[in-house]
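>>> quick one, what's the 3D model for this:
(one chain, ligands or ions: 1)
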Amino acid sequence: MKFGIIVFPGSNCDRDVAYVTRDVLQQPTRMIWHEETDITDLDVVVVPGGFSYGDYLRCGAIARFSPVMQQVVKHAQTGKFVLGICNGFQVLTEVGLLPGALMRNREMHFVCDRSPIKVERNNLPWTQAYQSGEIITLPIAHGEGQFYADKDVVQQLEDNRQVLFRYQDNNPNGSINSIAGICNLQGNVLGMMPHPERASDPMLGGTDGLKLFEGLLARVEALA
Ligand SMILES: NC(=O)CC[C@H](N)C(=O)O
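Residues are numbered from 1 along each chain as shown. Alright, predicted model coming up:
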């Protein structure tokens, strides 16, 4: 299963993701500079966290115009997997692969913490290695993580069970319905503010994020 990790000027979690896919999971992994235009060799595209283009204008607003993003949209349209983590989630909403927007956190400052997260649904590859309703702990680190969408869009997300991750107990950024991660209707595109790649090695204090990558791997291997 081949992973590609998009690198924009200002990305800073790209190597953390590569450490998990290449070193922990032993999967072929390619770093994709944002100017590349051929990513047809990939099974999974990861749009990683960071501060693409220095977060100018709004997080992800400039990165979404990078040449590679048209290819990421095509990749998603063919049903292949796309994972956006934190800044990656912001980029995916900006490019229209996911609905809604990520606004400044409710308290208007950057939050860096570990947060309890509820896994809402486990019948998709992303979450199949978790129990439905399982509470996991994942690191969060963002200034613009407050998920917002119009009332009817939120209702559709809930009705279609597109909310895969929800903040439990606290709502660190004021997200509507405590939404921490959503997928598209087809389920092949996931965006989430918490960082599973930073919780994939016991040395870093937790492995709750590793199951997300393992679930995906199991699914793609089953299809091969
Ligand atoms: N860790 C991240 O990807 C941060 C995303 C973005 N720069 C923000 O502050 O919201």
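
>>> contact partners for Tyr130?
Applying CB atoms under 8 Å, 6 or more residues apart in numbering, one finds that Tyr130 lies in contact with Val119, Asn122, Ile136, Lys211, Leu212, Gly215. Just so you know, the C-beta spots here come from the backbone N, C-alpha and C atoms, and that holds for glycine as well.

>>> per-residue confidence averaged over the longest helix seen in the chain?
Taking residue count as the measure and DSSP state H as the definition, the longest helix of the chain comes out as helix 210-223. Along helix 210-223, the predicted confidence averages to a pLDDT of 87.

>>> surely Gln168 is in contact with Lys118?
Yes - counting by CB atoms under 8 Å, Gln168 does reach Lys118; the two are 4.6 Å apart.

>>> show me what the lowest-mean-pLDDT helix or strand in the chain is in contact with.
The least trusted helix or strand in the chain, going by mean pLDDT, DSSP states H and E, turns out to be helix 210-223, with a mean of 87. Helix 210-223 has contacts (CB under 8 Å, 6+ apart) with 1, 20-21, 24-25, 27, 43-44, 81, 83, 125-130, 136, 196-197, 199-201.

>>> circling back: in the longest helix of the chain, what's buried?
Of the residues in helix 210-223, those buried under the neighbour-count criterion (16 or more other CB atoms under 10 Å) are Leu210, Lys211, Leu212, Phe213, Glu214, Gly215, Leu216, Leu217, Arg219, Val220.
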